[in-house]
Structure formats: C-alpha cells, structure tokens
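J.: model this:
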Amino acid sequence: MGFDDLLDKAKDLLGGAENKADEAAGAAGDAVAAAKDGATDVAAAASEKAEAAAEESKGLIDKAKEILSDDKIDSIANAIKDKTPDQIDSIVDAVAGRAKTLND
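T.: Okay, the predicted model is just below:
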C-alpha cells in the first residue's frame, strides 16, 4: 500500500465522518421537532383538563349555592342561637349575614 492509497483511504474516512455528522445533525433536528410537538400536545391536554376541572368546580359551587339558600342560612342561624347563650346571637347574625353575602 503506497502513500496515495493511504491518502485515498484517509479521504474516504473523512468523507464518511462528514456524512455521519450530517446524519446525526439531521436526527437531532428531527428529535427537537418531535419534542416540541410532544410538548405542545401535553400542554393542550393539560389545558383541556384544567378547563374541565374548572367547569366541574363551577358546577359544584352553583349546586352548593342552591342548597344553601338564604332561608336555610337563617334556619341554621336560628338553630344555633336557640342552643347557645344570648351573648353570641350578634356573632351568629354577623356570620349568617356574611354567608348570605358570599352566597350571592
């Protein structure tokens, strides 16, 4: 094997290395694009779940407001006042008033 043969062999190896580097760079670019797509899909799914949870929470809050009407608040407050000393009546009334305000 002569000097020219060695030189040709070195050129072939370098050319192969360049091709491998190009292939690796292309694969890395593809991987980055796939990761971005995956992240977008995950974010969209999380957003949908958050919206569903918010709707469910809103429904539960609305139902609780229906169940706990002002009349029921008054009824509960009167029951508490019947079982506690008269000195606490003003506090119970204040709490009932706040509950009615929050229920609106």
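J.: I'd like the distance between Ala50 and Ser57.
T.: In this view, Ala50 and Ser57 are 10 Å apart by C-beta to C-beta, to the nearest Å. (Each C-beta comes from the backbone N, C-alpha and C, glycine too.)
J.: Actually, Asp71.
T.: 25 Å.
J.: Could I get the CA-only coordinates of stretch 57-74 as PDB?
T.: Provided in PDB are the C-alpha atoms of stretch 57-74 (Å, rounded to 0.1, in the frame of the first residue of the first chain):
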ATOM      1  CA  SER A  57     -65.800  23.200  40.200                       C
ATOM      2  CA  LYS A  58     -68.200  25.900  39.000                       C
ATOM      3  CA  GLY A  59     -71.000  23.300  38.800                       C
ATOM      4  CA  LEU A  60     -70.300  22.200  42.400                       C
ATOM      5  CA  ILE A  61     -70.200  25.800  43.700                       C
ATOM      6  CA  ASP A  62     -73.500  26.600  41.900                       C
ATOM      7  CA  LYS A  63     -75.100  23.500  43.400                       C
ATOM      8  CA  ALA A  64     -73.900  24.400  46.900                       C
ATOM      9  CA  LYS A  65     -75.300  27.900  46.500                       C
ATOM     10  CA  GLU A  66     -78.700  26.400  45.500                       C
ATOM     11  CA  ILE A  67     -78.700  24.100  48.500                       C
ATOM     12  CA  LEU A  68     -77.600  26.800  51.000                       C
ATOM     13  CA  SER A  69     -80.200  29.400  50.300                       C
ATOM     14  CA  ASP A  70     -80.700  32.500  52.500                       C
ATOM     15  CA  ASP A  71     -83.700  30.800  54.200                       C
ATOM     16  CA  LYS A  72     -81.500  27.800  55.100                       C
ATOM     17  CA  ILE A  73     -78.800  30.100  56.400                       C
ATOM     18  CA  ASP A  74     -81.400  31.800  58.600                       C
END
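J.: Centre of the chain to that stretch, how far?
T.: 27 Å (C-alpha atoms, centre = their mean, to the nearest Å).
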